[in-house]
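Colleague: whatever this is, show me its structure:
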Amino acid sequence: MLSFRITISKEDGDFVFVRIDEFKGGEYHFFDLYKTSSQNASSMLILEREKARRGDFFLEVIDKREKCVMV
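Modeller: Next comes the predicted model:
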């Protein structure tokens, strides 16, 4: 089964970095990194968590923001 880890780190203002790692060969490997608004990251997490609940993949989330903006 596919496994991913999403790490959200505060950048500046309302922006965050979203890092995605994929689990392969017994460890996580860098997959993607992008900068987006905190609100956009929250929206993305809602969609990705729903996919994980359906069993499409395993998802681990590390959210380092002080507060989250849910939409």
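Colleague: what helices or strands is the host helix or strand of N40 leaning on?
Modeller: Secondary structure assignment for N40, by DSSP states H and E: helix 38-53. Using 3 or more C-beta pairs under 8 Å, 6 or more residues apart in numbering; DSSP states H and E, the elements in contact with helix 38-53 are strand 3-10, strand 15-24, strand 58-63. For glycine as for every other residue, the C-beta is placed from the backbone atoms N, C-alpha and C.
Colleague: okay if I get those strands as a markdown table plus mean pLDDT?
Modeller: Shown next, in a markdown table, are those (pLDDT from 0 to 100):
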| stretch | mean pLDDT |
| --- | --- |
| strand 3-10 | 96 |
| strand 15-24 | 97 |
| strand 58-63 | 95 |
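Colleague: okay, those in TSV with mean neighbour count next?
Modeller: Shown next, in TSV, are the helices and strands packed on helix 38-53 (neighbours: other C-beta atoms under 10 Å):
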stretch	mean neighbour count
strand 3-10	17
strand 15-24	16
strand 58-63	14
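Colleague: which residue lies farthest from the center of this protein?
Modeller: Distance from the centre of the chain peaks at G25, with 20.5 Å (C-alpha atoms, centre = their mean).
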